[in-house]
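1. using only what follows, build the 3D model:
(one chain, ligands or ions: 1)
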Amino acid sequence: MTDELNKTRRYLEQHHGGDGHRAAERTIDTHERNHDNDFWSFWYAHTPSGNALHIADLGCGPALFLKQLAQKHPDYRLTGIEIAPYMLARVEDQPANLEIRIADLNAPGPAFFDSAPLDACLANMLIHELYQPINLFQALRHWLKPGGVLILTDMVRQPVVNFLHHKFPDLDFAHDPADAPTMHECFRDYFEHNRYSAEDIEQLLKLCGFDVIERQTLREGRATRIAARNAAHPT
Ligand SMILES: C[S@@+](CC[C@H](N)C(=O)[O-])C[C@H]1O[C@@H](n2cnc3c(N)ncnc32)[C@H](O)[C@@H]1O
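-> Numbers count the residues shown, from 1 in each chain. The predicted model follows:
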């Protein structure tokens, strides 16, 4: 394990609330909501159809999405990329066509895959957990085939006051003294989960050479879903 990988693991455990096993449990509990019928319609509307496709899930967690895909498409080749040991520990009953690779998606490098193998990939609730998404977007332009598609879903920026009301529904900030360590933790959490607006993510994808095909607003504006195509390979 490199120092960099361990540093990211420590950062993520804190980001996940200091209890990785609980975070993995939560990821499993919210899987259905994050991959509901609307999600699947969006996925099939924008990703290529065909046999023997190669699909990757970036930050795959316990790999529930890939296991669903494996059931629907036993002929697909599936790759899950993940770094957190507590997520990897929850990858159970791994299908034969699913490979799990351990890597830090903050700076994965174009050579992570031999050529341009991917027909499509998913980044569900990953981007806000990266230090920055530029290196991943650049790598994806090499990993995806020309015409290959990235489906990205993530939380987006909301007003800090809404966040505070949601976290502390019973606290009257005008009269009740706020506990300092609780506020420190709350604002750390806010900034880590509210890095980008939906427009920021769209513009960053375009900056890195993707064509954005569709952007949807989810959860009353608190999340976004984007389909972006790799039009042609960078030289
Ligand atoms: C919010 S969870 C979502 C998991 C899964 N995509 C899902 O929707 O159920 C984000 C996942 O991305 C992983 N992740 C975050 N940063 C990563 C990095 N730098 N490299 C690899 N995986 C990362 C986390 O460990 C976690 O499993």
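
2. and Cys208, its phi and psi?
-> phi -90, psi 10 (degrees, to the nearest 10).

3. then Tyr11?
-> According to degrees, to the nearest 10, Tyr11 has phi -60, psi -50.

4. make 17 the starting number, not 1.
-> Noted, 17 is the first residue going forward, which turns the last one into Tyr27.

5. care to break the protein down by domain?
-> Here the domain parsing of the chain from automatic domain parsing is 19-173+214-246, 174-210.

6. so which of the ones you listed gets nearest the ligand?
-> domain 19-173+214-246 (2.5 Å; Cβ to the nearest ligand atom). Placement of C-beta: from N, CA and C, glycine included.

7. just how off-centre is stretch 185-195 within its chain?
-> Its chain's C-alpha centre and that of stretch 185-195 lie 33 Å apart, by Cα atoms, centre = their mean, to the nearest Å.

8. for that stretch, give me every contacting residue.
-> Outside of stretch 185-195, the residues within contact range by Cβ atoms under 8 Å, 6 or more residues apart in numbering are Leu180.

9. deepest of the domains of the chain, which one?
-> domain 19-173+214-246 (a mean of 17; mean count of other Cβ atoms under 10 Å).

10. is the ligand contacted by that domain?
-> Yes: counting by Cβ under 6 Å from any ligand atom, the ligand is contacted by domain 19-173+214-246 at 24, 28, 43, 47, 50, 75-77, 97-100, 103, 120-122, 140-142, 145-146.

11. mark which of those are part of helices, please.
-> Among the residues of domain 19-173+214-246 next to the ligand, DSSP state H puts 24, 28, 43, 47, 50, 103 in helices.

12. and the helix or strand harbouring Leu180, C-alpha only, in PDB?
-> Assigned by DSSP states H and E, Leu180 belongs to helix 176-183. Extracted in PDB, the C-alpha atoms of helix 176-183 (Å, rounded to 0.1, in the frame of the first residue of the first chain):
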ATOM      1  CA  VAL A 176     -25.600  26.300   4.300                       C
ATOM      2  CA  VAL A 177     -28.700  27.400   6.200                       C
ATOM      3  CA  ASN A 178     -30.800  24.600   4.700                       C
ATOM      4  CA  PHE A 179     -28.000  22.200   5.700                       C
ATOM      5  CA  LEU A 180     -28.000  23.500   9.300                       C
ATOM      6  CA  HIS A 181     -31.900  23.300   9.600                       C
ATOM      7  CA  HIS A 182     -31.800  19.800   8.300                       C
ATOM      8  CA  LYS A 183     -29.000  18.700  10.800                       C
END
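
13. what's the following helix or strand after that helix?
-> Following helix 176-183 toward the C-terminus (DSSP H and E): helix 196-209.

14. now the angle between helix 176-183 and that following helix, please.
-> Here helix 196-209 runs at an angle of 120 degrees relative to helix 176-183 (axes from the mean of the first three to the mean of the last three Cα atoms, to 10 degrees).

15. what sits up against helix 196-209?
-> With Cβ under 8 Å, 6+ apart, helix 196-209 has contacts from 31, 144-145, 171, 176, 179-180, 183-184.

16. tabulate these (CSV), appending distance to Gln110 and pLDDT.
-> Below are those laid out as CSV (distance: Cβ to Cβ, whole Å; pLDDT from 0 to 100):
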residue, distance to Gln110, pLDDT
His31, 26, 93
His144, 27, 97
Glu145, 23, 97
Met171, 28, 94
Val176, 41, 95
Phe179, 37, 91
Leu180, 41, 95
Lys183, 37, 93
Phe184, 41, 95
